[in-house]
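In: Kindly generate the corresponding structure for this input.
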Amino acid sequence: MTIRTYVDRATLSLAAARRAAQAIRDAIGARGAARIIAATGASQFEFLDALTQAPGIDWTRVEMFHLDEYVGLPASHPASFRRYLLERLIDKAGIVRYHLLDVERDANGVAERVGRELARAPIDIAFVGIGENGHLAFNDPPADFETERPYLVVALDEACRRQQVGEGWFASIADVPARAVSMSVRQILKSHEIICVVPDARKAEAVRACFEGDVSPMAPASILRTHPNTTVYLDRDSAALLAPSARGGILADAACD
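Out: Alright, predicted model coming up:
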């Protein structure tokens, strides 16, 4: 795993998008298609905007899989990640092959069906973030590091649900669904490359716990340290609690590698 720290959120998002775009182009060049996993949430806004504007990607050759979704939430809800992906990635880029988690009703059935599609071939690149509680996708602590199932129906802890309120997706914690379908930790780790986009000061405690503490289910995203081709993109604020040796130098240019 590699950590790259940038001067601000905009620069880190552009840098991550540049790398993501190159990985997609490389996969298409090598095999004629790319399979990706897309994250959602407020932390991914600028990254996805930059990625959809990246040159030279034939998005009709990209197959996209959904990372996680709330159980019981209609796609029309402002917090629906299906809606988010359609508006911010699928429709903007012109992706024609995608697998959304429509778990408004049959969560287990959809998890199994999309999981079978996911397992048909390797994933080239996964885009992920880290929650304020250290979660990876919706794998809250203590996360299941052992299951091989592609998707799980999980219970959301209070810290996760409060984050959703804090980001403005819901009016109160009572409005946040108690369950979600999440890609499993081991399934995420099967991706050939992982790009982890983590801006903002509110993520600093989680970043320190995951990247300076033990690799532990209590800090779910700490498992990324075991993946040989993961790059974590931080800004000055999200890296603020890391030791200088861990965060490295602060880069001012998205073109810096």
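In: Could you list the low-pLDDT ranges of the protein?
Out: Residue ranges of the chain with pLDDT under 70: 256-257.
In: just the strands in it please.
Out: For the chain, the strands defined by DSSP state E cover 2-6, 34-38, 62-66, 68-70, 97-99, 125-128, 151-155, 179-183, 193-198, 230-235, 250-251.
In: count of residues packed around the nearest residue to Ala209 once chain neighbours are set aside?
Out: Spatial nearest neighbour of Ala209, chain neighbours left out: Ala219 (4.5 Å); criterion: CB to CB, 6 or more residues apart in numbering. No exception for glycine: its C-beta is placed from N, CA and C like everyone else's. Residues lying near Ala219 (other CB atoms under 10 Å) number 26.
In: Use 254 as the first number from now on
Out: Okay, residue one is now 254; in that scheme the one you just asked about reads as Ala472.
In: for Ala472, what are its contacts?
Out: Each residue near Ala472 by CB atoms under 8 Å, 6 or more residues apart in numbering is listed here: Gly387, Pro394, Ala459, Ala462, Cys463, Gly466.
In: Identify the bridge partners of it.
Out: Note on Ala472: beta-bridge partners by DSSP bridges are Ser469.
In: Then His352?
Out: Here His352, judged by DSSP bridges, has bridge partners Phe318.
In: pretty sure it is touching Ala364, no?
Out: No - the criterion here is CB atoms under 8 Å, and His352 misses it with Ala364 at 11.4 Å.
In: Tell me the spacing between Ala280 and Glu316.
Out: Between Ala280 and Glu316 the distance is 10 Å, computed by CB to CB, to the nearest Å.
In: Need the residues touching each of the two.
Out: Contacts common to Ala280 and Glu316, judged by CB under 8 Å, 6+ apart, are Ala286, Ala287, Arg288.
In: Can you get me a residue count around the spatially closest residue to the second one that is not a sequence neighbour?
Out: Right, the one you point to is Ala287. Distance criterion CB to CB, 6+ apart; nearest residue to Ala287, sequence neighbours excluded, is Ala280 at 3.7 Å. Neighbourhood size, Ala280 [other CB under 10 Å]: 22.
In: got a list of what Ala280 touches?
Out: Shown in contact with Ala280 (CB under 8 Å, 6+ apart): Ala286, Ala287, Arg288, Asp377, Ile378.
In: Any idea what the third one is bridged to?
Out: Beta-bridge partners of Arg288, counted by DSSP bridges, are Glu316.
In: Let me see the contact set for the closest residue to Ala493 other than its chain neighbours.
Out: Leaving aside its chain neighbours, Ala493 sits nearest to Ala457 (5.0 Å; criterion: CB to CB, 6+ apart). Applying CB under 8 Å, 6+ apart to Ala457 gives the contacts Asp490, Ser491, Ala492, Ala493, Leu494.
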